[in-house]
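Asker: give the three-dimensional model of this entry:
(one chain, ligands or ions: 1)
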Amino acid sequence: MLMQKDSSSSRLSLVPESVTLRLLDRIHELRKKGKKVILLNKGEPENPPPYASEFTKMALDQGLVHMPPISGLPELAEAIAETLSEDDKQIQLEPRSEIVITPGSKFAAFIAVASVIEQGDEVILPDPIFPPLRDMVTVLGGKAVQVKLDEDSNFELDVGTLERSITERTKMIILNYPNSPTGASIGEKQLRNVLEIARQKKIIVLADEIYEKIIFEKKHTHVLSFSDYREITMMTSGFTKTYGMSGWRIGYLITNQRLAQRALTVLRNSTTFCPAFTQKAAEMVMRDPRTKDFIGRNLRDYREKRDFLLKEFRSIDGMNVVTPDGSFYLFPSIAGTRVPSSSVFAEKLLSDYGVAVLPGNAFNPWWDDHLRISCNGRHRICRG
Ligand SMILES: Cc1ncc(COP(=O)(O)O)c(C=O)c1O
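Answerer: Residues are numbered from 1 along each chain as shown. Now for the predicted structure:
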């Protein structure tokens, strides 16, 4: 028999299988059998603002069904620039040349990495982190170097450890704050220290700030707030979390004009652009006066669920839970329980109690003594 030659890219065999997708299949299987499942595993909010669909229909009726400019609708880029400068007056952007709208913020990170790294370049990331940020580095031919966060320091980034991980081949540092899955944020001073080290070593810093407005304990400092570091900074965010508009697939990359041009080359030669009518709807939602209330209400809801789940999980013998600064996740340790692994724990919760959580090994094998719990579901808290 002839052996079939595997002509696929060998890089892809280095990318681990998605534990998240396996869990989704399992939930689907249980639901098909008629089982009720409480979803504490979800990475997306339940509901977009009620007017988001209406705005989308309006945009279609206005005839926004053709190709918009590749970098995005100028009016959406302007709304994003204005919203950022409302957060921090230091952030003054040139929307047309410094903002690139993409189909989702994950793709914004993808074009950022693709436009910076060469084959074999190293990219430093804190660990744990949203797995695609790490795996896209591998897909693009780079080497992901992970700096493990310490639970005893509330998963705060240790700048010294990060600095010691830098080598001749380091081209980029990717941060994600508030972080998925730990919820830890980064303070202004710490961020400045990272940027100073990066500038000295000519390293680009990409900050995934998609949870920028879901923050409880600290003020969120944008990487773009440091105007004297604009040569090396790139920021991504989008409409999936703050605005609950995951299905609209709107994200954006903000960086200096030179890097934005490079990123546009990647966009032009891949997805081309993001549909105009979803961009228009995103712009209208962002500018709508009701949206501030929508974001505020969600924040209160996440905080209430976070506090409730913190209390409940802390009452379980052997469980340790760090209070997250932001995002809508808890990342409890099950090391003190007698359960040998996060998959066993998660499967037991799912099959015996109908509660879905994401096992920690979804992030890395050494987080197998943790779980990721989401505080963003439609469920209501019932006491007693
Ligand atoms: C840190 C982080 N970045 C990006 C994304 C994906 O965002 P989008 O839906 O805009 O691609 C997620 C979603 O879970 C996330 O947690």
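Asker: which element follows the host helix or strand of E29 toward the C-terminus?
Answerer: The secondary structure element spanning E29 is helix 19-32 (assigned by DSSP states H and E). Proceeding C-terminally, helix 19-32 gives way to strand 38-39 as the next helix or strand, assigned by DSSP H and E.
Asker: report the rounded mean pLDDT for that next one.
Answerer: Strand 38-39 shows a mean pLDDT of 91.
Asker: what's the answer for stretch 172-191, then?
Answerer: Mean predicted lDDT for stretch 172-191 stands at 97.
Asker: and it, anywhere near the ligand?
Answerer: Yes - counting by C-beta under 6 Å from any ligand atom, contacts between stretch 172-191 and the ligand involve 176, 180. Backbone N, C-alpha and C define where each C-beta goes, glycine included.
Asker: so W367 versus the ligand, what's the distance?
Answerer: Remark: distance between W367 and the ligand (C-beta to the nearest ligand atom, to the nearest Å) = 15 Å.
Asker: check the offset of stretch 198-217 from the chain's centre.
Answerer: On the basis of C-alpha atoms, centre = their mean, to the nearest Å, stretch 198-217 is displaced by 11 Å from the centre of the chain it belongs to.
Asker: is Q146 in a helix, a strand, or coil?
Answerer: Assigned by DSSP: H, G, I helix; E, B strand; the rest coil, the conformation of Q146 is strand.
Asker: might one say that it is in contact with N364?
Answerer: Yes - using C-beta atoms under 8 Å as the test, Q146 is close enough to N364 to be in contact (7.3 Å).
Asker: identify the contacts common to those two.
Answerer: When contacts are counted by C-beta atoms under 8 Å, 6 or more residues apart in numbering, Q146 and N364 are jointly contacted by D127.
Asker: next SSE after the helix or strand hosting L125?
Answerer: L125 belongs to strand 122-127 when assigned by DSSP H and E. Beyond strand 122-127 in the direction of the C-terminus, DSSP H and E gives the next helix or strand as helix 131-139.
Asker: which residues of the chain fall in helices?
Answerer: With DSSP state H as the definition, the chain shows helices at residue ranges 19-32, 51-61, 74-87, 95-98, 105-114, 131-139, 159-164, 188-200, 257-268, 276-287, 291-314, 342-353.
Asker: please identify the deepest-packed of these.
Answerer: Compared across those, helix 105-114 shows the largest average neighbour count, a mean of 25 (mean count of other C-beta atoms under 10 Å).
Asker: any idea of the angle it forms with helix 131-139?
Answerer: 30 degrees (axes from the mean of the first three to the mean of the last three C-alpha atoms, to 10 degrees).
Asker: give me the mean pLDDT for helix 105-114.
Answerer: Averaging pLDDT residue by residue across helix 105-114 gives 98.
Asker: residues touching the residue positioned nearest the centre of the chain, list them.
Answerer: For the chain, the residue nearest the mean C-alpha position is I210 (5.3 Å; C-alpha atoms, centre = their mean). Each residue near I210 by C-beta under 8 Å, 6+ apart is listed here: 105, 176, 236-238, 240-242, 251.
Asker: so can I have JSON lines of the residues you listed showing distance to H220?
Answerer: Listed next are the contacts of I210 as JSON lines, based on distance: C-beta to C-beta, whole Å:
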{"residue": "S105", "distance to H220": "15"}
{"residue": "N176", "distance to H220": "12"}
{"residue": "T236", "distance to H220": "14"}
{"residue": "S237", "distance to H220": "11"}
{"residue": "G238", "distance to H220": "15"}
{"residue": "T240", "distance to H220": "17"}
{"residue": "K241", "distance to H220": "13"}
{"residue": "T242", "distance to H220": "11"}
{"residue": "G251", "distance to H220": "18"}
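Asker: near the ligand, which residues of the chain are found?
Answerer: Taking C-beta under 6 Å from any ligand atom, the part of the chain that reaches the ligand is made up of 43, 104-106, 130, 176, 180, 208, 210, 238, 240, 246, 251.
Asker: between which two of these is the distance greatest?
Answerer: Within the residues of the chain next to the ligand, two members stand farthest from each other by C-beta to C-beta: N176 and S246, at 17.2 Å.
Asker: now the helices of the chain in a markdown table, with distance to S8?
Answerer: Formatted as a markdown table, the entries for these read as follows, by distance: least, C-beta to C-beta, whole Å:
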| stretch | distance to S8 |
| --- | --- |
| helix 19-32 | 19 |
| helix 51-61 | 38 |
| helix 74-87 | 37 |
| helix 95-98 | 37 |
| helix 105-114 | 19 |
| helix 131-139 | 12 |
| helix 159-164 | 34 |
| helix 188-200 | 35 |
| helix 257-268 | 21 |
| helix 276-287 | 32 |
| helix 291-314 | 41 |
| helix 342-353 | 28 |
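Asker: for stretch 312-324, measure first residue to last.
Answerer: Between the opening and closing residues of stretch 312-324 lies a distance of 15 Å (C-alpha to C-alpha, to the nearest Å).
Asker: with stretch 282-291 instead?
Answerer: With C-alpha to C-alpha as the measure, stretch 282-291 spans 11 Å from end to end.
Asker: then stretch 273-293?
Answerer: In stretch 273-293, first residue to last residue: 30 Å (C-alpha to C-alpha).
Asker: need the residues that contact it.
Answerer: With contacts defined as C-beta under 8 Å, 6+ apart, stretch 273-293 is touched by 48-49, 51-52, 55-56, 58-60, 62, 64-70, 72-73, 75-76, 79-80, 83, 101-103, 239, 243, 245, 248-250, 267.
Asker: show me the contacts for L330.
Answerer: If you count contacts by C-beta under 8 Å, 6+ apart, L330 has them with 183, 306, 309-310, 313, 321, 324, 372-373, 375.
Asker: off-centre distance for stretch 288-299?
Answerer: Taking mean C-alpha positions (C-alpha atoms, centre = their mean), stretch 288-299 and its chain are 20 Å apart.
Asker: sorry, wrong one. I was asking about stretch 365-376.
Answerer: Averaging C-alpha positions (C-alpha atoms, centre = their mean) puts stretch 365-376 15 Å from its chain's average.
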